[in-house]
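Q: Structure of the sequence below:
(3 chains)
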Amino acid sequence: MLIPFTRPLDLENTLEVGQAFRWRREPSEPTEHPWFWGVAFDNLVKLRRTEEGVEFFCAPDSEAALSPLLQDYLRLGDDLSAIYESIRGDERVSACIDRYPGLRLLRQDPWECLVSFICSANNNIRRIGGNVEDMSRSFGRPVGIEDRHRHTFPTPEELADAGEHRLRELGLGFRAKYVAAAARRVAGGEVDLYSLREAPYEEALNALVSLEGVADKVANCVLLFSLDKLEAFPVDVWIDRALRDWYPQVTEKRLPRKALRPWAQERFGPYAGYANQYLFHQRRSDQRGKRAAGR
DNA sequence: AGCCAGGCCCTCC
DNA sequence: GGAGGGCCTGGC
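A: This next block holds a predicted model:
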């Protein structure tokens, strides 16, 4: 099925920037319209960008049922030109936008997003993806068709049942305790993640940081990538380095890591999260370029 | 071998 | 209150 869409959408950078962990490009070699395989809304999904829009297939549900959900997931409703206009006042961000037009935030499932970013602590992106896939294979349900199938991301109940010990056996390390605790609290109804979409930023932030293993950075990822808080601004090592290198004021004012989020939100405004994503992607791309040149 | 990876928590001052 | 150390695990 085709979702007609001719406005800017860079599917490749959007799915591989590091905001989501379950999309696999196929083929991996450079091609004009590569497919991306993933699991979303309890379906195995493959999709690709074409000139006309987003072409996709899914199973077991019908394409008609999934189409509106995918449009939502890909944030196709975001008015990128308005967003760009809002954050282009910053020269550095403006240059990043010119470099990666159509890079979009995603609107992911809050539970999967929360667990993924709990796993991100002191971890690398490849292994985070491995952790997410391992949890799905072990505790999720198979979806797809016989020769091509993956597993749904486990529900809070499924991960609560799994327990800390089995999560540790999967290789989550010290994060296993945090994932198990979060699963118990969400499964028990103590924290209602979906309701946080309607809550104001600060309130949702406070609810998230009440979870073990979730502090300001992880919470802001969840807020930005799954809870519709486009003003969220996660400060990780990459953003920290980017801000210090690219914004002399940060160094002049001797701002500690903790002060960077409020500083950036003040500077970039209601779409600070989009600015964050562009700065992050630029910074990591620069680094990859350097490493490639180094050998 | 030793360090680092999209942090977080705990201790101690 | 904030600076510093430790943490599972895997890859280089």
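Q: which residues of the stretch 101-250 of chain A fall in strands?
A: Secondary structure of the stretch 101-250 of chain A by DSSP state E, counting those that start in this stretch: the strands cover A:142-144, A:149-151.
Q: Tell me the residues on the stretch 1-150 of chain A that lie near DNA strand C, please.
A: Counting by CB under 7 Å from any atom of the strand, the positions of the stretch 1-150 of chain A adjacent to DNA strand C are A:Asn122, A:Asn123, A:Asn124, A:Arg126, A:Arg127. Yep, even glycine has a C-beta here, placed from its N, CA and C like the rest.
Q: starting at the chain centroid, how far to the helix or strand encompassing A:Asp286?
A: Assessed by DSSP states H and E, A:Asp286 sits inside helix A:272-294. Relative to the chain's own centre, helix A:272-294 is displaced by 15 Å; criterion: CA atoms, centre = their mean, to the nearest Å.
Q: Touching, A:Leu66 and A:Ala59? I think so.
A: No: in this structure, A:Leu66 is not within contact of A:Ala59 by CB atoms under 8 Å, at 9.6 Å.
Q: shared neighbours of the two, which are they?
A: Taking CB atoms under 8 Å, 6 or more residues apart in numbering as the contact rule, A:Leu66 and A:Ala59 both touch A:Asn43.
Q: Between the two, which has more neighbouring residues?
A: A:Leu66 (23 against 16; other CB atoms under 10 Å).
Q: Okay, and that one sits in which element?
A: Assigned by DSSP H and E, A:Leu66 falls in helix A:63-73.
Q: Not counting whichever helix or strand comes after that helix itself, show me its contacts.
A: Using DSSP H and E, the helix or strand that follows helix A:63-73 in sequence is helix A:80-87. For helix A:80-87, the surrounding residues in contact (CB under 8 Å, 6+ apart) are A:7-8, A:93-94, A:97, A:102, A:104, A:230, A:268-272, A:274-275, A:278.
Q: Any quick ChimeraX command for the buried ones out of these?
A: Command for ChimeraX, covering only those of these found buried under the criterion 16 or more other CB atoms under 10 Å:
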select /A:93,97,104,230,268,269,271,272,274,275,278
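Q: Looking at the contacts of helix A:80-87, spot the one nearest DNA strand B.
A: Within the contacts of helix A:80-87, the smallest distance to DNA strand B is 11.7 Å, found for A:Tyr278 (CB to the nearest atom of the strand).
Q: Now the closest one: closest residue in space, sequence neighbours ignored.
A: A:Cys96 (3.9 Å; CB to CB, 6 or more residues apart in numbering).
Q: what's the distance between the one you found and DNA strand C?
A: The gap separating A:Cys96 from DNA strand C is 27 Å, by CB to the nearest atom of the strand, to the nearest Å.
Q: so that residue makes contact with A:Gln282?
A: Yes: using CB under 8 Å, A:Cys96 makes contact with A:Gln282 at a distance of 4.4 Å.
Q: residues in contact with A:Ala162?
A: A:Met135, A:Ser138, A:Phe139, A:Pro154, A:Ala180, A:Ala183.
Q: Out of the residues you listed, the closest to DNA strand B would be?
A: Closest approach between the contacts of A:Ala162 and DNA strand B, by CB to the nearest atom of the strand: A:Ala180, at 13.6 Å.
Q: Now for the closest one: which residues touch it?
A: With CB under 8 Å, 6+ apart, A:Ala180 has these contacts: A:Leu159, A:Ala160, A:Ala162, A:Gly163, A:Glu164, A:Leu167.
Q: Just read off the phi/psi values of the nearest residue to A:Lys217 once chain neighbours are set aside.
A: For A:Lys217, ignoring the flanking residues on the chain, the nearest one in space by CB to CB, 6+ apart is A:Pro234 at 5.2 Å. Taking degrees, to the nearest 10, you get phi -70, psi 130 for the backbone angles of A:Pro234.
Q: My read is that A:Pro234 contacts A:Asn220, right?
A: Yes: taking contacts as CB under 8 Å, A:Pro234 lies within contact range of A:Asn220: 3.9 Å.
Q: Which of the two has more residues huddled nearby?
A: Legend: neighbour count by other CB under 10 Å for A:Pro234 and A:Asn220, higher for A:Asn220 (28 against 25).
Q: Could you measure from that one over to DNA strand C?
A: The value you get for A:Asn220 to DNA strand C, if CB to the nearest atom of the strand is used, is 18 Å.
Q: got it, and A:Asp90?
A: Between A:Asp90 and DNA strand C the computed distance is 26 Å (CB to the nearest atom of the strand).
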